[in-house]
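Asker: Show me how the following folds:
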Amino acid sequence: MRPVLFRFLLASFLGLASTRASEVPVPESAQSLTQKYEAAMAPLDVPLHELRDAYLTRVEELKNEIQEQGDLELVLTLTREMESIIKGAEPEKGSPLPEHEALQRVYHNSKAELVPVVLAQKQKLEKAYLDRISMLVETHTKSGDLETALALRKLEEASAARLQKWTAPGASYSVGRMLFTDVDWTTLTEKVKKDELQKTSRVGGNAGRNETTRDVPDPPAILVGFDLHMAPFGGSPHTVRKMVPLFRSQAKPLFEGTSRANANGQSTERVLAKKGYALTEITTHSGAGVRKVKFTFSRITGVKTSSDDSYETEFYGEWEDGRVAALSTEGRLAVGLDGWVGLGTGEFWLLTID
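Answerer: Presented below is the predicted three-dimensional model:
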């Protein structure tokens, strides 16, 4: 048979088989598998829907507050955004109203964290479904039931297309192809360069030198935690002997600052803020130096933090006597420390954006 004629007949057969396949229902095993797949896939987007609904609720509350103040333009701005979101759009980036912009920032940051988790779940589920459908295609092909195999092939191709969508480079959430960052680094850098900083109250012990040791990283960074060097002291088997600050800058996700003591510990415990959070409160129990400490971390919004979204750690170290002290950034970002460094962690305070 001539090659051209063979290809023509083959194409005709495949075309006819494809037409018949569209009329052939997939087997019950595939129908059941697809129903289970759809039931498992449906809840994965629920956290994203809940995030959108929570954002809309908060914007509506803000709109009502602004409406009572009689500001028509701001009310219209919020109303237009709410209407566009209901139609499927994303919240905008930037607003003349600081409270609104803060809500946008929290929304986009939260979604940027949620989407990779959701995509990973979808990829796993889709891959399992695709593998099962591909096995059915192969089984029916081997048995000679080509029409059913071609009907199943359509499910296979649709699944492969979805899997490619979940794994595409552009699948991760972005706004204008740039992730909405949690820190306004431009403003933060300007304020640090101009030394527009405020001191918090003091915590820590009496150990120290005659001169303070200021630690403000350059390029600017935010305080996100401490490495605590632990060892026995006095009658306690487990106390804080040294505290080393941990910073995050625009270029470096994590680096150490100046140690707040010269003592050495037997073990180290790292206390680090979750992604998008910064250190905002410290409580210490001290003798000559810090012996016991706990921290509070709050969500970052621009160059401030939100007390509505914060969490507190347990106490690190065992110590009941001595001076108890606490400090708070009062919603400001901590970009450095100052205080005395001795054998133990002496008295220190945080430096925050004004």
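Asker: Please, which helix or strand holds residue 162?
Answerer: According to DSSP states H and E, residue 162 maps onto helix 146-167.
Asker: Strands along this structure, start to end?
Answerer: Secondary structure of the chain (DSSP state E): strands located at 197-199, 221-233, 236-249, 255-256, 267-272, 277-286, 290-301, 304-312, 323-328, 334-339, 348-353.
Asker: Make TSV from those and add mean neighbour count and mean pLDDT to it.
Answerer: The C-beta positions use only the backbone N, C-alpha and C, and glycine is treated the same way. Below are those laid out as TSV (neighbours: other CB atoms under 10 Å; pLDDT from 0 to 100):
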stretch	mean neighbour count	mean pLDDT
strand 197-199	14	93
strand 221-233	22	92
strand 236-249	21	90
strand 255-256	12	92
strand 267-272	14	91
strand 277-286	24	92
strand 290-301	24	90
strand 304-312	15	84
strand 323-328	16	91
strand 334-339	22	93
strand 348-353	24	93
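Asker: mind putting these in TSV, distance to residue 94 included?
Answerer: Below are the strands of the chain laid out as TSV (distance: least, CB to CB, whole Å):
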stretch	distance to residue 94
strand 197-199	27
strand 221-233	22
strand 236-249	24
strand 255-256	31
strand 267-272	30
strand 277-286	22
strand 290-301	14
strand 304-312	16
strand 323-328	29
strand 334-339	24
strand 348-353	20
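Asker: Quick check: which of those is nearest to residue 205?
Answerer: strand 277-286 (3.6 Å; CB to CB).
Asker: tell me the mean pLDDT for stretch 160-168?
Answerer: Averaging pLDDT along stretch 160-168 gives 83.
Asker: Can you get me a residue count around residue 190?
Answerer: Using other CB atoms under 10 Å, the number of residues around residue 190 comes to 14.
Asker: start at 15 instead
Answerer: Yes, from this point I'll number from 15; that puts the last item at residue 204.
Asker: how close does it sit to residue 198?
Answerer: Separation of residue 204 from residue 198 (CB to CB, to the nearest Å): 10 Å.
Asker: coming back round to it: residues of the helix holding residue 176 that come out buried?
Answerer: Using 16 or more other CB atoms under 10 Å as the test for burial, helix 160-181 gives 160-167, 169-170, 173, 176-177, 180.
Asker: ok, now which ones touch the nearest residue to residue 329 once chain neighbours are set aside?
Answerer: Of all residues not flanking residue 329 in the chain, residue 308 sits nearest, at 4.5 Å (CB to CB, 6 or more residues apart in numbering). If you count contacts by CB atoms under 8 Å, 6 or more residues apart in numbering, residue 308 has them with 296-297, 326-330.
Asker: so which pair among those residues is furthest apart in space?
Answerer: Based on CB to CB, the longest span within the contacts of residue 308 runs between 296 and 328 and measures 13.6 Å.
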